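> requesting a structural model of the entry that follows:
(chains A and B)
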Amino acid sequence: GAVVSQHPSRVICKSGTSVKIECRSLDFQATTMFWYRQFPKQSLMLMATSNEGSKATYEQGVEKDKFLINHASLTLSTLTVTSAHPEDSSFYICSARGWGTGELFFGEGSRLTVL
Amino acid sequence: KQEVTQIPAALSVPEGENLVLNCSFTDSAIYNLQWFRQDPGKGLTSLLLIQSSQREQTSGRLNASLDKSSGRSTLYIAASQPGDSATYLCAVIPLGAGSYQLTFGKGTKLSVIP
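Numbering: from 1, shown residues only, chains lettered A, B, ... in the order given. Next up is the predicted model:
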């Protein structure tokens, strides 16, 4: 099946710094990618929909200035957590839609820890 | 608003048993339904995708069924193995969702005991 790669898989940063997470579709082009956040023992919460060449669509309650999303090409979307704080510590997962069937493929996730 | 419920929340079975995981959704107007597997600290692995016009899909020891009218899907795992231990998530994409946003259930945590 299609492969979605996320990087880094783990990142630790100091409070106040910014962290960028990359999501790449390796063997297909994705006009739309999705960013999720997952808290321990909880299901995934959709944060935003990333559209290639246009602004991301954020879910209610998600701060767009805090979580910057850029989808500059058909194979890459990035999520930047700006001025990170300990409460931003979480597991972030991206997904991309395959052509035709609408099947969604997920990256392996990025564990962010803010000290 | 679409809601997806998975029962049971956790399940423990001895190796070799056949088992069924259940998923129900409140709005039958769906585009498709997808089953995923998530291992601890990892992303999601797509297991099976069922289009709204289909009633079931099979892949190896896995069989997923879909009954849109009753708002239900089941994931059948035959001859379970310890390597099947993971959390299984069911998700639906509603009709009209141009960006294909999924609604997830909270998952069923499966433990297969050797």
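> who's in contact with the closest residue to B:Gly41 other than its chain neighbours?
The spatially closest residue to B:Gly41, leaving aside those adjacent along the chain, is A:Arg111, at 6.9 Å (Cβ to Cβ, 6 or more residues apart in numbering or on different chains). All C-beta spots, glycine's among them, are computed from the backbone N, C-alpha and C. A:Arg111 is in contact with A:Ser9, A:Arg10, A:Val11, A:Phe91, B:Gly41, counting by Cβ atoms under 8 Å, 6 or more residues apart in numbering or on different chains.
> so what's the gap between stretch A:77-87 and the chain middle?
10 Å (Cα atoms, centre = their mean, to the nearest Å).
> which positions in it come out as buried?
Across stretch A:77-87, burial judged by 16 or more other Cβ atoms under 10 Å in any protein chain shown covers A:Ser77, A:Thr78, A:Leu79, A:Val81, A:Ala84.
> got phi/psi on the second one?
Spelled out, that is A:Thr78. phi -120, psi 150 (degrees, to the nearest 10).
> what sits against it?
A:Lys20, A:Ile21, A:Glu22, A:Cys23, A:Ile69, A:Asn70, A:His71, A:Ala72.
> can you report how many residues lie near B:Ser85?
B:Ser85 has 18 neighbouring residues, counting by other Cβ atoms under 10 Å in any protein chain shown.
> B:Phe104 versus that one, what's the distance?
20 Å (Cβ to Cβ, to the nearest Å).
> before we move on, back to that, off-centre distance for the helix or strand containing the residue nearest to B:Gly41?
For A:Arg111, the host element (DSSP states H and E) is strand A:110-114. Computed by Cα atoms, centre = their mean, the separation of strand A:110-114 from the middle of its chain amounts to 12 Å.
> list the buried ones in it?
In strand A:110-114, counting by 16+ other Cβ under 10 Å, buried: A:Ser110, A:Leu112, A:Val114.
> quick one: name the residues of chain B near chain A.
Residues of chain B found near chain A (Cβ under 8 Å from any Cβ of the partner chain) are B:31-32, B:34, B:36, B:41-46, B:49, B:51, B:89, B:91, B:93, B:99-102, B:104-107.
> pull out the buried members of the residues you listed.
B:31-32, B:34, B:36, B:42-46, B:49, B:89, B:91, B:93, B:100-102, B:104-107.
> pick out the residue closest to the middle of chain A.
A:Trp35 (3.7 Å; Cα atoms, centre = their mean).
> just list whatever residues bridge to that one.
Beta bridges link A:Trp35 to A:Ala48, A:Cys94, judged by DSSP bridges.
> which stretches of chain B aren't confidently modelled?
Along chain B, the model assigns pLDDT under 70 to residues B:96-100.
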